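J.: Provided below are the primary sequence and the corresponding predicted coordinates.
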Amino acid sequence: MRSRCSSGSPSEGISSSTVRKTARSRASPSGAERIGRTLLLLALVLASAAPAAAQTRGLFSIDTFVTSILVNPDGSLVVREDITFEFRGAHQGVFRRIPLRYWHGGVEFPLALSGIGAYDEANQPLHSEVSYPDQYVSIRAWVPGAINTKKTVTFVYHVRRGVLGYAEHDELYWNATGNEWNAPINHAEAFVTVPPGVAHADVQTAGFAGPLGATGQDYVVDRVDRYWRFRTTRALRPREGLTVVVGWPPGHVAHASALRRAGWVVADYWPLSLPLLALVWGGFVWWAFGRDPGSKPSVKPEYAPPPDLIPAEAGALVDERAHPRDVIATVVDLAVRGYLEIEPITTAFGEADFMFKRLKPVAGDPDLRPFELFVLAKIFGADWVINMRLLSEVRRDYENVFPPIRDQLYRMMVRDGLFPASPGSVRKGWMLAGALTAISATLLPTFGPAWLGRYDPMLPIGVVASGLIFIGWAWFMPRKTWAGVQVLARVRGFQEFLERAEKDRLERMPSDTLHRWLPWAIALGVSERWIFNFQGLKVAAPTWYQGRSDFALPAFAHDLTAFARRTEEAILTTRRGYGASTGSSGGSGFSSGSSGGGMGGGGGGTF
């Protein structure tokens, strides 16, 4: 709302009608004269608008600032602030900001305010809004008719645990006006009512007037009936305030017990407990729904893999995750079983590559699982027209291919009764819940209730940390079925054999043992150890791998490592979305007090 120009404005006498009459009474001016007159008129209009703009910005001062503090026997306070504003220009209302934190004994404490209200001179409630920006409570009150006038606005609030306890005395240390007003305060008073039963002679008082940190004594104190009255002896300049200290012997205020103080700490800092609650709740959910059923069976050496299981399933069963090596193991297993041949080659550009050759039809083969058909289709195409393909060519088709292969493997394991639900889906659900929880921390200031602002920044930190904990729980929540647990024990036993097979036992086994169990060793991550166990033994050249004419186990191991690395790169380098996954410092107001110290304080203004 913009105020009108005052009647004393020198430009008020120049109206548009006067200009038109003057213009008609003269001869038609030239173009230059018209431009000059227009500029002159514009300058006069701007000059007349300047005072109005200054008034619209809303200057104000505080004529009187009277704070009344009632100390209750339970240590709480009832605070009433009667502030008489002198408005110059047009204003919508006023606001009051009070810090929600203060320091006492080197420790930061929250200032718990409740029962906040704003009232007019007739003690009628004003339309007001309470918010909690930047660790302050901000009270905005709309004041009708706040235009070039004086208005008294009363703020009332209740303060929990407003009394400081020391060995020798109890103390009220209160910043009565606040030191953050950008306006002068012509006169400030503070009335303090001590608890019942305190003798007047036992009351100690002190006060400080001036800017933040000052120890000025520009005040007087006296007793009026049941009150102790502090009055400033000079006007307070902007950013100056009045701080009062009143002490009395201990025993008149019931200080909270240790249990109640602990409850206050929980109430004040509960957002910091959210991560702990997320951890405990996640542990409960894991105990109820994420653990594998039954007791963990003992692991015994197994000399063959479990029947009706393929290497990729064994690899994913061990840690409930599908890995690129499970795909590599599937490709090698298909080659060992005669469906394709792998040949290392050197391209025309001198780069090492591998050629896949399909050896027999696969469509409709009853010995192939749907998952294995899916992998073969990614190599040779779903139409089965191509019989030969380079790994480098397959790599171009591996864009986003690993997630579908992984999901196919999980679905197969669910159908086989190894998992009650897809481990990938379970993890995604928890990750999504964690991400949404963390993101909600950014939405709380906008869409949450205003009172949550008093816990900033603890609440956003606690919510984000809780979301991260949910994401961490995602890796523990997939569970196996009872059958899956039994199969895993056999897989572990077979893995132990692959790692620790003795040479004398290997010599008695069929000559194709190395190649037959190699896909399992790849899936279980022990291929190097499995090949090493055959050092010094006579090993036949694999029929599915067309390497050097003179087969040697070290060279074969080297080529296999190169093949696994390049195949994994084909998956890892192109896949998307998958990874390897303030109040002032404290102390007694008598010994180290200053203006702006203690509880309360803050400032305010108009709008």
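T.: Looks like it arrived, so ask away.
J.: Quick check, pLDDT for residue 142.
T.: You'll see residue 142 listed with a pLDDT of 93.
J.: same thing with residue 68?
T.: With respect to pLDDT, residue 68 has a value of 94.
J.: the helices in the stretch 151-300 of the chain, which residues?
T.: Applying DSSP state H, counting those that start in this stretch to the stretch 151-300 of the chain gives helices spanning 258-269, 274-285.
J.: Worst mean pLDDT among those helices?
T.: Averaged per stretch, pLDDT over the helices of the stretch 151-300 of the chain is lowest on helix 258-269, reaching a mean of 74.
J.: buried ones in that helix?
T.: Along helix 258-269, these residues count as buried under the neighbour rule (16 or more other CB atoms under 10 Å): 264, 268. Using the backbone N, CA and C atoms, a C-beta is placed for each residue, glycine as well.
J.: Alpha carbons only: can I get the helix or strand where residue 472 lies in CSV?
T.: Residue 472 belongs to helix 458-473 when assigned by DSSP states H and E. What follows is helix 458-473, C-alpha atoms only, in CSV (Å, rounded to 0.1, in the frame of the first residue of the first chain):
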residue,chain,number,x,y,z
MET,A,458,18.7,-31.0,13.1
LEU,A,459,15.5,-32.3,11.5
PRO,A,460,16.8,-32.3,7.8
ILE,A,461,20.1,-33.9,9.0
GLY,A,462,18.2,-36.6,10.9
VAL,A,463,15.8,-37.3,8.0
VAL,A,464,18.6,-37.5,5.4
ALA,A,465,20.6,-39.8,7.7
SER,A,466,17.5,-42.0,8.2
GLY,A,467,17.1,-42.2,4.4
LEU,A,468,20.8,-43.3,4.0
ILE,A,469,20.3,-45.9,6.7
PHE,A,470,17.2,-47.3,4.8
ILE,A,471,19.4,-47.5,1.7
GLY,A,472,22.0,-49.4,3.7
TRP,A,473,19.4,-51.8,4.9
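J.: Quick one: closest of the helices of the stretch 151-300 of the chain to residue 152.
T.: Residue 152 lies closest to helix 258-269 among the helices of the stretch 151-300 of the chain, at 33.4 Å (CB to CB).
J.: Contacts made by the closest one with the rest, please.
T.: Helix 258-269 has contacts (CB atoms under 8 Å, 6 or more residues apart in numbering) with 109-110, 112, 160-161, 256, 273, 458.
J.: Quick check on these: which are buried?
T.: Buried members of these, counted by 16+ other CB under 10 Å: 109-110, 112, 160-161, 458.
J.: I'd like to know which of the residues you listed are part of strands.
T.: Here DSSP state E is the test, and the buried ones among the contacts of helix 258-269 give 109-110 as lying in strands.
J.: circling back to that earlier point, let's have the helices of the stretch 151-300 of the chain in TSV, adding distance to residue 361.
T.: As requested, the helices of the stretch 151-300 of the chain are exported to TSV (distance: least, CB to CB, whole Å):
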stretch	distance to residue 361
helix 258-269	69
helix 274-285	48
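J.: Buried residues, the helix holding residue 472. List them.
T.: Buried residues in helix 458-473, counting neighbours by 16+ other CB under 10 Å, are found at 458-471, 473.
J.: which one among those gets closest to residue 366?
T.: Distance to residue 366, by CB to CB, is smallest for residue 473 among the buried residues of helix 458-473, at 41.2 Å.
J.: contacting residues for that closest one?
T.: Contacts for residue 473 (CB under 8 Å, 6+ apart) come out as 282, 285-286, 430, 434.
J.: tell me which of the residues you listed is nearest to residue 332?
T.: Taking CB to CB as the measure, residue 332 lies nearest residue 430 of those, at 33.0 Å.
J.: In what element of secondary structure is that closest one found?
T.: In this structure, residue 430 sits in helix 423-447 according to DSSP H and E.
J.: hey, where'd the strands end up in the stretch 201-350 of the chain?
T.: Secondary structure of the stretch 201-350 of the chain (DSSP state E, counting those that start in this stretch): strands located at 204-211, 219-224, 227-232, 240-248, 340-346.
J.: okay, these, which one's buried deepest?
T.: A comparison of the strands of the stretch 201-350 of the chain by mean neighbour count, using mean count of other CB atoms under 10 Å, puts strand 240-248 on top with a mean of 27.
J.: quick one: average confidence on the host helix or strand of residue 506?
T.: Assigned by DSSP H and E, residue 506 belongs to helix 503-508. Confidence over helix 503-508 (mean pLDDT, whole number) is 87.
J.: any residues touching it, and which ones?
T.: By CB under 8 Å, 6+ apart, the residues outside helix 503-508 that reach it are 513, 533-534, 536-537.
J.: now do 6 Å
T.: Applying CB atoms under 6 Å, 6 or more residues apart in numbering, helix 503-508 turns out to have no external contacts.
J.: Would you mind writing the CA trace of the helix or strand following that helix as CSV?
T.: The first helix or strand that comes after helix 503-508 along the chain, using DSSP H and E, is helix 513-523. Listed next in CSV are the C-alpha coordinates belonging to helix 513-523 (Å, rounded to 0.1, in the frame of the first residue of the first chain):
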residue,chain,number,x,y,z
THR,A,513,37.1,-82.0,-14.8
LEU,A,514,38.9,-78.6,-15.2
HIS,A,515,36.7,-77.4,-18.0
ARG,A,516,33.4,-79.0,-16.7
TRP,A,517,33.6,-77.2,-13.4
LEU,A,518,35.3,-74.0,-14.7
PRO,A,519,32.0,-72.1,-15.2
TRP,A,520,31.1,-72.8,-11.5
ALA,A,521,34.5,-71.5,-10.4
ILE,A,522,34.0,-68.3,-12.5
ALA,A,523,30.6,-67.7,-10.9
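J.: ok, which stretches of the stretch 451-600 of the chain are helices?
T.: Going by DSSP H, counting those that start in this stretch, the stretch 451-600 of the chain shows helices at 458-473, 482-500, 503-508, 513-523, 527-532, 553-572, 589-592.
J.: Residue 80 is nearest to which of those?
T.: helix 589-592 (20.8 Å).
J.: Tell me where the model's unsure across the chain.
T.: 1-58, 103-108, 383-384, 396-400, 450-451, 453, 548-549, 571-602, 604 (pLDDT under 70).
J.: Might you report the residue contacts of the spatially most central residue of it?
T.: The C-alpha lying nearest the average C-alpha coordinate of the chain belongs to residue 464 (CA atoms, centre = their mean; 3.1 Å). Applying CB under 6 Å, 6+ apart, one finds that residue 464 lies in contact with 438, 441.
J.: Show me the two of the contacts of helix 258-269 that sit farthest apart.
T.: The span of these, defined through CB to CB, is set by 256 and 458 at 21.6 Å.
J.: returning to what we had before: may I see the contacts of residue 473 organised as CSV, with neighbour count and distance to residue 454 added?
T.: Shown next, in CSV, are these (neighbours: other CB atoms under 10 Å; distance: CB to CB, whole Å):
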residue, neighbour count, distance to residue 454
282, 21, 28
285, 15, 31
286, 14, 34
430, 21, 31
434, 22, 26
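J.: which among these gets closest to residue 385?
T.: residue 430 (42.4 Å).
J.: ok, that closest one touching residue 474?
T.: Yes: at 3.6 Å, residue 430 and residue 474 qualify as touching, with contact defined as CB atoms under 6 Å.
J.: ok, back up a step: can you say which of the helices of the stretch 451-600 of the chain is packed in most?
T.: Ranked by mean neighbour count under mean count of other CB under 10 Å, the helices of the stretch 451-600 of the chain are led by helix 513-523, which reaches a mean of 24.
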